[in-house]
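Asker: let me see the structure of the following:
(chains A, B, C and D)
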Number of protein chains: 2
Amino acid sequence: MGGRRARVLELAVLGHLAGAPMHGYELRKRLNSELGIFHAFSYGSLYPCLKEMVREGLVVSAHCGGAGGRRSRIVYRLTERGRDRLGDLLAESTPAATDDECFGVHFTLFGRTRTEVRLRILDGRRARLQECLAQVRERLADPRQDPYTVELHRHRAEALESEVGWLDDLIRRERRCAEHASTADATISGNAPLREGGPPPPGSRR
Amino acid sequence: MGGRRARVLELAVLGHLAGAPMHGYELRKRLNSELGIFHAFSYGSLYPCLKEMVREGLVVSAHCGGAGGRRSRIVYRLTERGRDRLGDLLAESTPAATDDECFGVHFTLFGRTRTEVRLRILDGRRARLQECLAQVRERLADPRQDPYTVELHRHRAEALESEVGWLDDLIRRERRCAEHASTADATISGNAPLREGGPPPPGSRR
DNA sequence: GTTGCGTTATATCAGGGCGATATAGTCATA
DNA sequence: TATGACTATATCGCCCTGATATAACGCAAC
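Answerer: Coordinates of the predicted model:
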């Protein structure tokens, strides 16, 4: 449980349970749906993680004998301590949020964070990608590589550039929102740069 | 060693040693440089893999006492059996080549394959991505998701579309090359759709 | 009505990869 | 001659994945 990855799973679980109590199977489904595409957390890590979290007092479990014919489940609910931990993890969250998976988890929880935290994570991710990009470009410059490898790197560079651009847009929006909130009184809906329900703003890339 | 991932590492090692004999450290550097960006095979899997391959008779090791001041290394060289195995792995290579990592390894070895094999792998990869894309779009259509999650999926969809486009270009080139080779006598440089040294063709995406 | 199958739901385990660490020789530089 | 940086091999613990077991339920077929 002490691993780096486990922390991310813990964060994801806390984040989901903050919305509503849930049982393991449901939790896993949502996790897959949000993050996974192809590659999500497996039961082999989820169930042990939940048990550990019970042991730590972050969540409490309740056997829920199946009302209405369903089989019995174990429903997990966040404790006060768990809610505190979630707050802490969301507030720190600098060094962890660099790699793909961690970033994804943090990003899906942006709705629960403040602008300052979001900007920190977005900046960190951007720096990381730029680092990757520098490496790829360096390799592209190397003349003695076979053409397929070069083509692979060329495409990777494009993908990285595209994601950097995406991050730039997001960062710009977050900053604009931050300024807005500090200079003038925040309007009712003026606090979140991304709003519920509506289509993505037209200014976004492509 | 029997795992799926190990097979990929084996393939990568075979592919590199087919070019020239090498020691573990150098092998790892090249592996990182070609695939990794951030996230390559670790020594913890490479060295055991090499030992296993010696046991299987795919490679032979030779202690190379450091001439010219360098410390002694263990240089690995491909055997006939190893070369056969490489040929087999390159020829099969349908179901393995779908996920990111496997695809990367196979792609960097395209220079050693025939057009038919390349097309099979590219098509497989494309199908896989399209499957992902369908899932992402399905989730995008779901109205009760928070805006940040939607934004994440939107970007993922873009990235997937972009990669599909890239694959389409590659597939088109490979097909053109295949037709060319079958209808007319292949010219000296007409056999490979991607040529040594030159800049990427202008028609490529973006 | 019972057979079989797909889904929901929890649990566990073997196998293996990753990151860390140990060891040690070489080289620069200060 | 110490210090750090790089080359080079090796091993180990942690934990994650994928597979499998178990079981209860719904539903369709026949």
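Asker: can you classify the residue sitting furthest away from the middle of chain A by secondary structure?
Answerer: Centroid-distance maximum for chain A: A:Arg144 at 38.7 Å, with Cα atoms, centre = their mean. Assigned by DSSP: H, G, I helix; E, B strand; the rest coil, the conformation of A:Arg144 is coil.
Asker: what's the distance between it and chain B?
Answerer: 10 Å (Cβ to the nearest Cβ, to the nearest Å). All C-beta spots, glycine's among them, are computed from the backbone N, C-alpha and C.
Asker: tell me the angle of the top helix by length along chain A relative to helix B:147-183?
Answerer: Counting by DSSP state H, the longest helix found in chain A is helix A:147-183. Orientation check (axes from the mean of the first three to the mean of the last three Cα atoms, to 10 degrees): helix A:147-183 against helix B:147-183 gives 160 degrees.
Asker: can you pull the pLDDT of the residue farthest from the centre of chain A?
Answerer: Per-residue confidence (pLDDT) for A:Arg144: 78.
Asker: ok, the spatially most central residue of chain A - contacts?
Answerer: Geometric centre of chain A, nearest residue: A:Val105, 2.0 Å, by Cα atoms, centre = their mean. Contacts for A:Val105 (Cβ atoms under 8 Å, 6 or more residues apart in numbering or on different chains) come out as A:Val8, A:Leu11, A:Ala12, A:Gly15, A:Leu35.
Asker: repeat that for A:Phe107.
Answerer: Residues counted as contacts of A:Phe107 (Cβ under 8 Å, 6+ apart) are A:Ile121, B:Tyr148, B:Thr149, B:Leu152.
Asker: check which residues of the helix or strand harbouring it are buried.
Answerer: Assigned by DSSP states H and E, A:Phe107 falls within helix A:100-108. Of the residues in helix A:100-108, A:Glu101, A:Cys102, A:Phe103, A:Gly104, A:Val105, A:His106, A:Phe107, A:Thr108 count as buried by neighbour count, 16 or more other Cβ atoms under 10 Å in any protein chain shown.
Asker: mind putting these into a markdown table with pLDDT and distance to DNA strand C?
Answerer: Shown next, in a markdown table, are the buried residues of helix A:100-108 (pLDDT from 0 to 100; distance: Cβ to the nearest atom of the strand, whole Å):
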| residue | pLDDT | distance to DNA strand C |
| --- | --- | --- |
| A:Glu101 | 82 | 11 |
| A:Cys102 | 87 | 12 |
| A:Phe103 | 90 | 15 |
| A:Gly104 | 91 | 16 |
| A:Val105 | 91 | 16 |
| A:His106 | 92 | 18 |
| A:Phe107 | 93 | 20 |
| A:Thr108 | 92 | 21 |
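Asker: just these now: which is nearest B:Val54?
Answerer: Using Cβ to Cβ, A:Glu101 comes nearest to B:Val54 of those, at 34.6 Å.
Asker: what is the nearest of the contacts of A:Phe107 to DNA strand D?
Answerer: B:Leu152 (18.3 Å; Cβ to the nearest atom of the strand).
Asker: surely the closest one and A:His106 touch.
Answerer: No. Contact criterion Cβ atoms under 8 Å: B:Leu152 and A:His106 do not qualify, at 10.4 Å.
Asker: so A:Tyr76: helix, strand or coil?
Answerer: Going by three-state DSSP: A:Tyr76 is strand.
Asker: briefly note if stretch A:159-177 comes near chain B.
Answerer: Yes. On the criterion Cβ under 8 Å from any Cβ of the partner chain, stretch A:159-177 is in touch with chain B at A:Ala159, A:Ser162, A:Glu163, A:Trp166, A:Leu170.
Asker: which of the residues you listed sit farthest apart?
Answerer: A:Ala159 and A:Leu170 (16.7 Å).
Asker: so what's A:Tyr47 closest to, chain neighbours aside?
Answerer: Distances taken as Cβ to Cβ, 6 or more residues apart in numbering or on different chains place A:Gly24 nearest to A:Tyr47, at 5.8 Å, with adjacent residues excluded.
Asker: give me the element the residue of chain A found nearest DNA strand D is part of.
Answerer: Nearest to DNA strand D in chain A, going by Cβ to the nearest atom of the strand, is A:Gly44, at a distance of 2.4 Å. Using DSSP H and E, A:Gly44 sits in helix A:43-55.
Asker: perfect, that will be all.
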